[in-house]
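Novice: Give the three-dimensional model of this entry:
(chains A and B)
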Amino acid sequence: RTFGKDRVFNTPLSENGIAGFAIGYAAMGGTAIAEIQFADYLFPAFDQIVNEAAKFRYRSGNQWNCGGVTIRAPCGAVGHGGHYHSQSPEAYFAHTPGLVVAMPRGPKAAKGLLLRSIRSKDPVIFLEPKALYRAAVEEVPEGDYEIPLGEAEVLREGSDVTVVGWGGQLNVLAKACDLAFEKDGIQCELIDLQTLLPWDVETVERSVNKTGKLVVSHEAPITCGFGAEVTAKIQERCFLSLEAPIQRVCGYDTPFPLVFEKYYIPDEFKNLEAIRKAVDFSQ
Amino acid sequence: KEHNFYGGHGIVGAQVPVGNGLAFANKYNAKPGENMNVAIACYGDGAANQGQIWESANMASLWKLPMIFCIENNHYGMGTSIDRHSSHNDYYKMGNHIPGIRIDGMNVLAVKEGMRFVKDYCGSGNGPMYVEMMTYRYHGHSMSDPGTTYRTREEIAFARSTRDPLEFIKNTMVDAGFAEPEELKAMEKKIRKQVQQEVQIAKDSPKPDAETLLKHVYAADLTPYNQEYPDHIRMPDYEKSFWKN
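Specialist: Just a heads-up that it's a prediction; the model follows:
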């Protein structure tokens, strides 16, 4: 109503074309928000995202940029998604310098992060955990507010073990932390990375220096998942503070299963085991 | 930047959806009553079958974008001749329902007038157009391609003697009385000297300093960690990496 019906429109089913189109529009100074129906469909657009969007500013020596581009896609398990409607592709994009990759954990964070992403002068891949579209209920402030990119948030403080996640996984981790406290009195420090590229190393480093133990969890397959980056960086920075090997609780190395989804996902019980293992090791 | 040239692209064909976006920006920001600015994406016959180009053609036609798909047909996709890499070699027809024209790319007058028509057609809201420029490439595709393993030297010599664009211009001007041969010779000498000067400037320019490696990955408002240039790493010796004849 305010801006005319040309401002938002449907596109043909051509992800590479859509991504390139958004990049071109942003290169002319516009703000382009491209929506890809499922994060699993980002792969046809991978060429445009990695070879064009990520490199635009760098290769033109800052003469051009496509910072106005934001690509939004729903990601993550949803109960019945199977191979092609459940993937969490954050690791593929976090491997590309020049991109920003963000994932909110709920409605309030989504609004703040999305506004910041749209206004950011870098191309942002904004992944939205689709299971939260219906499941999450939260008070969202009206009006304009932004959550800075590149900053993690400590959701609860604790002194026994640091637990790190992003997106929908934080609900699972919160349950695991609750269980750990109820059953074993373990106090977990829960951190939401919010932005995966570039990620807030200092916040996690500070926390692990305090607790000496780290558990990272994500739905994506464990090999080369983003948890691997967190683990590598933290062992480099916090080697002498670590009292236990860093635990990764992730999906198995298979395509995302349909029938076996419940066995596959890193639920709160698997995370509880990992938390206990880290704490036991250190004692 | 001052010539609105948005740069080269590693993946041939990737520039076409981006060009679509440029065209869309032109359309979206067009002032009513004036012709829209057009966007032109140039790519070779080899790239013409890239999937993203078909995607872009659809979008450009659907939304009537002022977009020009310019195929530079030099008859070889790197080292593969067109009848070996494309099932359809009338590239100007590749748009299906999108109108296309074929222009003799070696004839500068044809190019000028043809593009004038195309720019007007696209800019007035008729939608995209496919333009096929018939041209030829004398040298190989890149420094490592001698250019003779997939075609005969006679073919190259023939093209050079009959279709060379500069010869065409020179002969036309002399025959029509617009210029004397001596004038053109003097002009050539001047141009050669200018090119040599530019080459010398390029060769004498210093390499960028080490910090440029890490600059401009992101805009200034987001400074990722670990972007300081590590001072224990030495850059390679540039001199040793030049390929010398």
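Novice: for chain B, where's the lowest mean pLDDT among helices and strands?
Specialist: One helix or strand of chain B scores below all others by mean pLDDT, DSSP states H and E: helix B:238-241, with a mean of 62.
Novice: In chain B, where is pLDDT below threshold?
Specialist: Counting by pLDDT under 70, the ranges of chain B that qualify are B:221-245.
Novice: What are the buried residues along the host helix or strand of residue A:115?
Specialist: In this structure, residue A:115 sits in helix A:107-119 according to DSSP states H and E. Buried residues in helix A:107-119, counted by 16 or more other C-beta atoms under 10 Å in any protein chain shown: A:108-114, A:116-118. Any C-beta I mention is one placed from the backbone N, CA and C, and that applies to glycine too.
Novice: do stretch B:41-53 as well
Specialist: B:41, B:43-50, B:52-53.
Novice: Which of the residues you listed sits closest to residue A:139?
Specialist: Nearest to residue A:139 among the buried residues of stretch B:41-53 is residue B:52, at 43.0 Å by C-beta to C-beta.
Novice: The closest residue to chain B within the stretch 151-283 of chain A: how many residues sit nearby?
Specialist: Nearest residue of the stretch 151-283 of chain A to chain B: residue A:198, at 3.4 Å (C-beta to the nearest C-beta). Around residue A:198 there are 23 other residues, counting by other C-beta atoms under 10 Å in any protein chain shown.
Novice: close enough to count as contact, it and residue A:100?
Specialist: Yes. The criterion here is C-beta atoms under 8 Å, and residue A:198 meets it with residue A:100 at 7.4 Å.
Novice: Which strand residues bridge the spatially most central residue of chain B?
Specialist: Taking C-alpha atoms, centre = their mean, the centroid of chain B lies closest to residue B:42, which sits 5.0 Å from it. Judged by DSSP bridges, the bridge partners of residue B:42 are residue B:70.
Novice: residues touching the residue lying closest to residue B:13 once chain neighbours are set aside, list them.
Specialist: Leaving aside its chain neighbours, residue B:13 sits nearest to residue B:50 (3.1 Å; criterion: C-beta to C-beta, 6 or more residues apart in numbering or on different chains). Each residue near residue B:50 by C-beta atoms under 8 Å, 6 or more residues apart in numbering or on different chains is listed here: B:12-13, B:16, B:43.
Novice: which bits of the stretch 51-200 of chain A sit near chain B?
Specialist: A:51-52, A:57-65, A:67, A:97-98, A:100, A:120-122, A:149-150, A:197-198 (C-beta under 8 Å from any C-beta of the partner chain).
Novice: The residue nearest to residue B:13 and residue A:20, how far apart?
Specialist: Distance, residue B:50 to residue A:20, by C-beta to C-beta, to the nearest Å: 11 Å.
Novice: Find residues that contact each of the two.
Specialist: Joint contacts of residue B:50 and residue A:20 (C-beta under 8 Å, 6+ apart) are residue B:16.
Novice: Tell me where chain A has helices.
Specialist: Using DSSP state H, the helices of chain A run over A:15-27, A:46, A:56-59, A:90-94, A:107-119, A:132-135, A:169-184, A:201-211, A:226-237, A:261-264, A:268-281.
Novice: Comparing the ones you listed, which comes out most buried?
Specialist: Mean neighbour count (mean count of other C-beta atoms under 10 Å in any protein chain shown) peaks for helix A:15-27 among those, with a mean of 28.
Novice: So which elements touch that helix?
Specialist: strand A:32-35, strand A:69-75, helix B:15-28, helix B:51-62 (3 or more C-beta pairs under 8 Å, 6 or more residues apart in numbering or on different chains; DSSP states H and E).
Novice: Can you say which of those is nearest to residue B:155?
Specialist: Of the helices and strands packed on helix A:15-27, nearest to residue B:155 by C-beta to C-beta is helix B:51-62, at 27.7 Å.
Novice: what about the top helix by length along chain B and chain A, touching?
Specialist: Criterion DSSP H: the longest helix present in chain B is helix B:181-204. No. Helix B:181-204 lies out of reach of chain A by C-beta under 8 Å from any C-beta, never closer than 15.5 Å.
Novice: Residues of chain B that sit close to chain A?
Specialist: With the criterion set to C-beta under 8 Å from any C-beta, chain B comes near chain A through B:1, B:6-7, B:9-11, B:14, B:16-26, B:28-29, B:39, B:51-52, B:55-56, B:58-59, B:62, B:215-222, B:224-225.
Novice: Who are the contact partners of residue A:104?
Specialist: A:110, A:112-114, A:128-129, A:167, A:194.
Novice: Please read off the pLDDT at it from the model.
Specialist: Note on residue A:104: pLDDT of 95.
Novice: picking that back up, which one of the buried residues of helix A:107-119 sits closest to residue B:184?
Specialist: residue A:118 (56.0 Å).
Novice: Output the below-cut-off pLDDT ranges for chain A.
Specialist: Along chain A, the model assigns pLDDT under 70 to residues A:1.
Novice: nearest residue to residue B:135 other than its sequence neighbours?
Specialist: Setting aside the residues directly before and after it, residue B:135 is nearest to residue B:105 in space (C-beta to C-beta, 6+ apart), at 3.7 Å.
Novice: Isn't that neighbour up against residue B:133?
Specialist: Yes. Between residue B:105 and residue B:133 there is a contact under C-beta under 8 Å: 3.4 Å.
Novice: Can you pull the residues that touch both of those two?
Specialist: B:72-73, B:111.
Novice: if we can go back for a sec, with distance to residue B:174 as added columns, please give the helices of chain A in CSV.
Specialist: Shown next, in CSV, are the helices of chain A (distance: least, C-beta to C-beta, whole Å):
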stretch, distance to residue B:174
helix A:15-27, 43
helix A:46, 54
helix A:56-59, 43
helix A:90-94, 59
helix A:107-119, 60
helix A:132-135, 73
helix A:169-184, 76
helix A:201-211, 70
helix A:226-237, 67
helix A:261-264, 77
helix A:268-281, 83
